[in-house]
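In: quick check, what structure comes out for this input:
(one chain, ligands or ions: 1)
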Amino acid sequence: MNRVVILYRIINYLYNYDPAVLFLHLCHVLFFLGVRPKLCENYENVTVEVVDCPDLTKEPFNLAAKGINGNVSILDVGDITYIRPTIQRDRAYDLRGIPKMVGDKESFIIGAGAGLWWYYGTACELMINAVVTEDNVKVPLSRTARIVKGKEKPVIDTVPDTEPGFSFMAQIHSSRGESGKVIKIHCQKRTGEKNFPVAVQDALKRSFPNSALGLGGVMMILKGRIRQHVQPEFSRSPLNTDEDEKNWLKFFEMSSPLTAIGTILTKDPGLDVRLLHFHSFSENEGGHYHNDVTPEDVEYLAYFSLAKNLYRVDRKLDKKEGLMNAWCNL
Ligand SMILES: [Zn+2]
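Out: Sure, this is the predicted structure:
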């Protein structure tokens, strides 16, 4: 085939292509060029692609909806200061409020937060994984991890649909649960110091220094061991410093596979938000993700979608100003 024919075919191909799809592909190419080399600084094998989202209701994901597309939003609810130095028991939220807030009839929500202490009688980690409407929890697959006296490992429970609340704080990715294109990031063998969400955040920050990007979804830990914490019962003395908090939390090494869900923001657009938060679960284990402890063996497989809006709910401000809800475009 001579060059003229090849050129003709390329022009013909582009001419017949939907310009919107072409633009999307161009964005993908720019994305790969920027992000992949930076992830290679932290992992030996790295793949970054835009792919059709696999069915996330299937193994190994076990999520409440098939995809993470459609009106994608990130909601940052509450504040860490509602937990420390002392807990504020009146900080409670209802996940069924999310569809109305983001302008949908139902929402597929995934993320990391503080569990239902009033239901379980103790502090606990919450892995939000549900489809909610204004009236009910349609697919109730959220989990909690909690410390139970006399048990060596944290206890994992599925949260019943009768308990649609959470306490203190959460970072939530909300979508219509639709299939479609998502960002796939696959990394094996950690060679750097950064944990996976930090490495992705760093690569995005350096690739798009002038943008505030927010993404979320599922991060599978397919191989290796993971260090996670689970909150024990509430501390009787105030947690004034990071050291106090570290001494209060219980840390565990947990085995893969684990399904982690959460959000990554590249910068705070002035709303006082938490930039990274992932909780993970399996049938028997779960907690707040910190890092992997077996860099040689570790393997991550993540599917993320980019958020269009960021909602800030019940932000703690100066007492005179009171509480405030706010949102911005990402
Ligand atoms: Zn957490």
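In: may I have the phi/psi pair for the closest residue to Met169 other than its chain neighbours?
Out: Nearest non-adjacent residue to Met169, counting by CB to CB, 6 or more residues apart in numbering: Gly78, 3.4 Å away. Using the backbone N, CA and C atoms, a C-beta is placed for each residue, glycine as well. Backbone dihedrals for Gly78, given as degrees, to the nearest 10, come out at phi 70, psi -150.
In: up against the ion, what does this structure have?
Out: Neighbours of the ion within the chain, by CB under 5 Å from the ion: 112, 288.
In: residue nearest the centroid of the chain?
Out: Closest to where the C-alpha atoms of the chain average out (CA atoms, centre = their mean) is Gly262, at 1.1 Å.
In: who's in contact with that residue?
Out: Contacts for Gly262 (CB atoms under 8 Å, 6 or more residues apart in numbering) come out as 110-112, 171, 173, 197, 216, 219, 276-279, 289.
In: can you check Lys267 too?
Out: Contacts for Lys267 (CB under 8 Å, 6+ apart) come out as 205, 212, 275.
In: in JSON lines: those, plus distance to Lys189.
Out: Below are these laid out as JSON lines (distance: CB to CB, whole Å):
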{"residue": "Lys205", "distance to Lys189": "23"}
{"residue": "Ala212", "distance to Lys189": "31"}
{"residue": "Leu275", "distance to Lys189": "26"}
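In: bridged to Phe166, which residues?
Out: Tyr93 (DSSP bridges).
In: my read: it touches Gly113, true?
Out: Yes - counting by CB atoms under 8 Å, Gly113 is a contact partner of Phe166 at 4.8 Å.
In: intersection of neighbour lists for these two?
Out: 77, 126, 128.
In: kindly write the PyMOL command that selects the buried subset of the residues you listed.
Out: The following PyMOL line selects those of those that are buried, judged by 16 or more other CB atoms under 10 Å:
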select buried, resi 77+126+128
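In: relative to the ion, which of the shared contacts of Phe166 and Gly113 is nearest.
Out: Nearest to the ion among these, counting by CB to the ion, is Leu126 at 8.2 Å.
In: in a strand, that's where the closest one is, yeah?
Out: Yes - per DSSP: H, G, I helix; E, B strand; the rest coil, Leu126 lies within a strand segment.
In: state the pLDDT value of it.
Out: According to the prediction, Leu126 has pLDDT 97.
In: the one 10 residues further on now?
Out: The predicted local confidence for Asn136 comes out at a pLDDT of 94.
In: name the nearest residue to it, sequence neighbours excluded.
Out: Once flanking residues are discounted, Asn136 sits nearest to Asp161: 6.4 Å by CB to CB, 6+ apart.
In: over to Lys181?
Out: Val50 (5.3 Å).
In: what's the one helix or strand Gly111 maps to packed up against?
Out: Gly111 is part of strand 106-114, with elements assigned from DSSP states H and E. Contacts defined by 3 or more CB pairs under 8 Å, 6 or more residues apart in numbering; DSSP states H and E place strand 106-114 against strand 73-78, helix 98-102, strand 125-133, strand 165-175, strand 214-223, strand 258-265, strand 276-281.
In: returning to what we had before: filter the contacts of Lys267 down to the buried ones.
Out: Burial by neighbour count, judged by 16+ other CB under 10 Å, picks out 205, 212, 275 from those.
In: my read: the second one touches Leu271, true?
Out: No - applying CB under 8 Å, one finds Ala212 not in contact with Leu271, separated by 9.9 Å.
In: so what sits against both of the two?
Out: Common contacts of Ala212 and Leu271, defined by CB under 8 Å, 6+ apart, comprise Leu310.
In: could I get the contacts of Lys267 as CSV with pLDDT?
Out: Output for the contacts of Lys267, formatted as CSV (pLDDT from 0 to 100):
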residue, pLDDT
Lys205, 94
Ala212, 90
Leu275, 97
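In: which of the residues you listed sits closest to the ion?
Out: Taking CB to the ion as the measure, the ion sits nearest to Leu275 out of these, at 13.0 Å.
In: what helix or strand is the closest residue to Ser237 other than its chain neighbours on?
Out: Nearest residue to Ser237, sequence neighbours excluded (CB to CB, 6+ apart): Asp244, at 7.8 Å. Using DSSP H and E, Asp244 sits within helix 242-248.
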